[in-house]
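*Asks:* below are the sequence and a predicted model; questions follow.
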Amino acid sequence: MRQLSEADRDAIRLAQDPKFARWLDQVRATGGCAHPIHLSGSTTTWDPATGEVLRHYDTRDEPGERLLIRCRNRRASVCPPCSRLHAGDTFHLVRAGLIGGKNVPPTVRNRPRLFITLTAPSFGPVHRAGDRCRPRRDGGTCEHGRPLGCGAVHEETAPLVGQPLCPDCYDYVAHVLWHAHAGKLWDRFTRGVRRHLATSVGLPQSRFPNHARLSFARVAEYQKRAAVHVHAVVRLDGPAGPADEPPPWGTADRLTGAVHASAQRVLVHTPYSPAVGQLALRWGTQLDVRPLQNDGTGPDDDAVAAYIAKYVTKGASETGAGTDHSVLICTDIDTARVNSHVRALMRACWRLGGLPEYAPLRLRAWAHTLGYRGHILTKSRAYSATYAALRADRAEQHGHDDPPGTAADARWRYTGFGHTYGAALIAAGVAQDLADSRQVDMENRRDDARVGAGLGAEG
Ligand SMILES: [Zn+2]
Ligand SMILES: [Zn+2]
Ligand SMILES: [Zn+2]
């Protein structure tokens, strides 16, 4: 026994427990979650008419007198099985908005649908992978004495890729303020699309909702230079949403035109600051718009859904942009495991976050995401189902829901989370088995998809 690791000894002790089989069932029910939440308590279900108790469940009879439930973390770096589940849900949510399902009618497939990518503008030249980085015939140096060009050829994975040629020339202030306004840029963009659609057919803007409805699902992706890209599916329906046909003028061509016009014209001003002045923020000039056809030409619907789902499971530790947890004190930034470019962005957030004029942007609270606030995936209400609806679906399939017409009394208490070393080992094995047996070919779809992946770093 002495040769065994602490985890192995712990696993053996667990396996010898008389309630091991039941414990393993619980671990399987969480999909092998790496950090399950422990609950203790009970539920009682009865028939209100007769008062007869139909079902009683109490954790007192469970191993350790507790029930394990999923942590539901979306990040693969935190909990691989829960992040896989989350990616699957995201895939189905995005897919339902493209081809129907999950209470969305299949007719959405015939609607004008676009897959678009909006980029951040340049905040200063950065090293690029691929061909020669930034060749310059005349050489030359910036005011800080650093070369203006770079003749090297960098590998995709080279640490230098995405780093500025001169950190002192790079506009860190504009970069984090752009992130802090990305949500507003997107709102203005979607409003602009509606406005351009309306005016292109001579409708007053205010009448647009009576004729058509714009739905979308979007994800944020951090590029190598740690600036956010936005990938989105945009769909045009009739005024009532997914079940409603758009008007005859609502074509993919017209929608494409409105997307281009709006992306070019959106302008957001930062609040005036005595230290910074006022910045005018726009989208980058790189814009990718691909109509999704239902005739097999162009990007495949599943590929688009898989491509979007891929981003929601990425934690900061994988993208290298920021950290998984928020920064509490300034010195956290000094010790964060990030490259110097990202550290400079986090410092800019901290510095600007101390200015009263930027207080509403909450830059210190969002220093770990480099000033970008909000969710990785955002959907408009009419796009498709919700995560909550998918979870309710799953609970029903597993028979967790009580039949209609019954009353229930539930008393639950949080008692802790996580696994012991040995339990973690067993849970990881369960998660691996489930992953292996699941015939989801998302991985393959992603690889041959590569849609929208052609956009490189700007600037
Ligand atoms: Zn989990
Ligand atoms: Zn270079
Ligand atoms: Zn410089």
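*Replies:* Now that the structure is in, tell me what you want to look at. Computed from a prediction, not measured in an experiment: that's the story for all the values here. Numbers count the residues shown, from 1 in each chain. Ligands and ions are numbered 1, 2, ... in the order given.
*Asks:* quick one, domains of the protein?
*Replies:* 6-69+402-449, 80-123+171-315 (automatic domain parsing).
*Asks:* which residues touch Gln293?
*Replies:* When contacts are counted by C-beta atoms under 8 Å, 6 or more residues apart in numbering, Gln293 touches no other residue. Yep, even glycine has a C-beta here, placed from its N, CA and C like the rest.
*Asks:* correction: the previous question concerned Val259.
*Replies:* Leu114, Ile116, Val193, Val234, Leu287, Val289.
*Asks:* ditto for Asp334
*Replies:* Applying C-beta under 8 Å, 6+ apart, we find Asp334 in contact with Arg343.
*Asks:* burial of Phe216, as a residue count?
*Replies:* Residues lying near Phe216 (other C-beta atoms under 10 Å) number 20.
*Asks:* need the pLDDT of it.
*Replies:* pLDDT recorded at Phe216 is 92.
*Asks:* how much space separates the closest residue to ligand 1 within the stretch 251-400 of the chain from ligand 3?
*Replies:* Per C-beta to the ion, Thr313 is where the stretch 251-400 of the chain lies closest to ligand 1, at 11.9 Å. Distance, Thr313 to ligand 3, using C-beta to the ion, to the nearest Å: 37 Å.
*Asks:* that residue is in contact with Ser77, isn't it?
*Replies:* No - at 9.0 Å, Thr313 does not count as touching Ser77 under the criterion of C-beta atoms under 8 Å.
*Asks:* looking at the two, which one has more neighbours?
*Replies:* For Thr313 and Ser77, the more surrounded residue by other C-beta under 10 Å is Thr313, and the numbers stand at 23 against 14.
*Asks:* now do the contacts for the more buried one.
*Replies:* Arg74, Arg75, Ala76, Ser83, Arg84, His86, Ala87.
*Asks:* from these, which single one is nearest ligand 3?
*Replies:* The closest of the contacts of Thr313, once distances to ligand 3 are taken by C-beta to the ion, is Arg75, at 35.4 Å.
*Asks:* could you tell me how many residues sit around that closest one?
*Replies:* So Arg75, with other C-beta under 10 Å, has 19 neighbours.
*Asks:* what about the residue in the stretch 151-300 of the chain that ligand 2 sits nearest to, neighbour count?
*Replies:* Here the stretch 151-300 of the chain gets closest to ligand 2 at one residue, Ala152, 4.8 Å apart by C-beta to the ion. Look at Ala152: counted by other C-beta under 10 Å, it has 13 neighbours.
*Asks:* where does the prediction get shaky in the protein?
*Replies:* 1-2, 296, 298, 314-320, 374, 395-405, 438-459 (pLDDT under 70).
*Asks:* kindly report the residues of it close to ligand 2.
*Replies:* Contact residues (C-beta under 5 Å from the ion) of the chain with ligand 2: His127, Cys133, Cys150, Ala152.
*Asks:* alpha carbons of stretch 282-298, in PDB - could you do that?
*Replies:* Taking Å, rounded to 0.1, in the frame of the first residue of the first chain, the C-alpha atoms of stretch 282-298 are listed here in PDB:
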ATOM      1  CA  ARG A 282     -15.700  51.900 -34.700                       C
ATOM      2  CA  TRP A 283     -15.600  48.400 -35.900                       C
ATOM      3  CA  GLY A 284     -12.500  47.300 -37.800                       C
ATOM      4  CA  THR A 285     -12.500  47.400 -41.500                       C
ATOM      5  CA  GLN A 286     -12.300  43.600 -41.800                       C
ATOM      6  CA  LEU A 287     -15.800  42.400 -42.100                       C
ATOM      7  CA  ASP A 288     -16.800  38.900 -43.300                       C
ATOM      8  CA  VAL A 289     -20.400  38.200 -44.400                       C
ATOM      9  CA  ARG A 290     -21.500  34.800 -45.600                       C
ATOM     10  CA  PRO A 291     -25.100  34.000 -46.600                       C
ATOM     11  CA  LEU A 292     -26.100  30.600 -45.400                       C
ATOM     12  CA  GLN A 293     -27.900  28.800 -48.200                       C
ATOM     13  CA  ASN A 294     -30.200  25.900 -47.700                       C
ATOM     14  CA  ASP A 295     -29.200  24.300 -51.000                       C
ATOM     15  CA  GLY A 296     -25.900  22.900 -49.900                       C
ATOM     16  CA  THR A 297     -23.700  25.700 -51.200                       C
ATOM     17  CA  GLY A 298     -21.800  27.900 -48.800                       C
END
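*Asks:* and it, how far from the chain's centre?
*Replies:* Mean C-alpha position of stretch 282-298 versus that of the full chain (C-alpha atoms, centre = their mean, to the nearest Å) differs by 20 Å.
*Asks:* also stretch 421-435?
*Replies:* The answer for stretch 421-435 is 25 Å, by C-alpha atoms, centre = their mean.
*Asks:* ditto for stretch 142-149
*Replies:* The answer for stretch 142-149 is 37 Å, by C-alpha atoms, centre = their mean.
*Asks:* list the buried residues of it.
*Replies:* Gly149 (16 or more other C-beta atoms under 10 Å).
*Asks:* now it - C-alpha only, PDB.
*Replies:* Only the C-alpha atoms of stretch 142-149 are listed here, as PDB (Å, rounded to 0.1, in the frame of the first residue of the first chain):
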ATOM      1  CA  CYS A 142       9.700  54.500 -34.000                       C
ATOM      2  CA  GLU A 143      10.300  57.300 -31.500                       C
ATOM      3  CA  HIS A 144      11.200  54.700 -28.900                       C
ATOM      4  CA  GLY A 145      14.000  53.400 -31.100                       C
ATOM      5  CA  ARG A 146      12.300  50.100 -32.100                       C
ATOM      6  CA  PRO A 147      12.100  48.900 -35.700                       C
ATOM      7  CA  LEU A 148       8.900  49.700 -37.500                       C
ATOM      8  CA  GLY A 149       9.000  46.500 -39.500                       C
END
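*Asks:* quick one, what contacts Gly371?
*Replies:* Gly371 neighbours (C-beta under 8 Å, 6+ apart): His175, Val176, Leu177, Trp178, His179, Ala180, Leu345, Ala348, Cys349, Leu361, Leu363.
*Asks:* go through these and flag which are in helices.
*Replies:* Applying DSSP state H to those, the entries found in helices are His175, Val176, Leu177, Trp178, His179, Ala180, Leu345, Ala348, Cys349.
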